[in-house]
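Enquirer: A predicted structure for the sequence below; I have some questions about it.
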Amino acid sequence: MISVREYLDQLQKLLNEIPETFIQSLVDDLEGCWRDGKRVLLMGNGGSSASASHIVNDLQKCIALESGRALKAACLSDNTPLLMAWANDTDYNNIFTPQVEAWAEPGDVVIGISGSGNSANVLNGIEAANRIGAITYGMCGYKGGKLASIVQKSFVVSSESMQQIEDVHMVVLHIVFVQLRQRLAQ
């Protein structure tokens, strides 16, 4: 059994290992999307889906309030009827691919979030984004899974705790948002 202090100590260690280069690269690419009118598409399952959905709020609404123009950001897991239709009529592993194919264009940013790094639907969506010529990012945990090897830029939280992986992912996404907001306010 893990104590509160042990959880926090482990989380602090993981936070200290966040590579600033990943954050700066993502901020650079999101700023490019904003300046060029490109899209940012995010996808994930479970807690990762919640993180993707949450950060769209910040990237779209808060950037619009700060800069006068929204970043065109969307979470591909937010349309439940569409997800269920693709899952029912094809396969659950196919829920993101047709959406990426419908919306992504070369130069857009597509972010896959998967705690394990092995969520087949996220992997398939990222592979579609790569074929289209989008800029692909992966956020994962454990040892990265397959996601870390198929995206152009990856961040792996080296932990076996899904909760701590998801904690760190959300912190990274918030740091990215804050950095982008500061840049666009200048």
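Expert: That came in fine, so what should we check first? Residues are numbered from 1 along each chain as shown.

Enquirer: so what's residue 165 up against?
Expert: Taking C-beta atoms under 8 Å, 6 or more residues apart in numbering, we find residue 165 in contact with 115, 140-142, 157, 159. Using the backbone N, CA and C atoms, a C-beta is placed for each residue, glycine as well.

Enquirer: Which pair in those residues has the greatest spatial separation?
Expert: Greatest spacing in the contacts of residue 165, by C-beta to C-beta: 140 and 159 (10.6 Å).

Enquirer: okay, those two: which has more neighbours?
Expert: When residue 140 is set against residue 159 and neighbours are counted by other C-beta atoms under 10 Å, the residue ahead is residue 140, at 28 against 20.

Enquirer: pretty sure that one contacts residue 111?
Expert: No - under the criterion of C-beta atoms under 8 Å, residue 140 is not in contact with residue 111, lying 11.2 Å apart.

Enquirer: In CSV, list the C-alpha atoms belonging to the helix or strand hosting residue 184.
Expert: Under the criterion of DSSP states H and E, residue 184 resides in helix 162-185. The C-alpha coordinates for helix 162-185 follow below in CSV (Å, rounded to 0.1, in the frame of the first residue of the first chain):
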residue,chain,number,x,y,z
MET,A,162,-1.3,4.8,-14.6
GLN,A,163,-2.5,7.5,-12.2
GLN,A,164,0.9,9.2,-12.0
ILE,A,165,1.3,8.9,-15.8
GLU,A,166,-2.0,10.7,-16.2
ASP,A,167,-1.1,13.3,-13.6
VAL,A,168,2.2,14.1,-15.4
HIS,A,169,0.5,14.2,-18.8
MET,A,170,-2.0,16.8,-17.5
VAL,A,171,0.8,18.9,-16.0
VAL,A,172,2.7,18.8,-19.3
LEU,A,173,-0.4,19.9,-21.2
HIS,A,174,-1.0,22.8,-18.8
ILE,A,175,2.6,23.9,-19.1
VAL,A,176,2.3,23.8,-22.9
PHE,A,177,-0.9,25.9,-22.8
VAL,A,178,0.6,28.5,-20.4
GLN,A,179,3.8,28.8,-22.5
LEU,A,180,1.7,29.2,-25.7
ARG,A,181,-0.6,31.8,-24.0
GLN,A,182,2.4,33.8,-22.9
ARG,A,183,3.9,33.8,-26.4
LEU,A,184,0.7,34.8,-28.1
ALA,A,185,0.1,37.6,-25.6
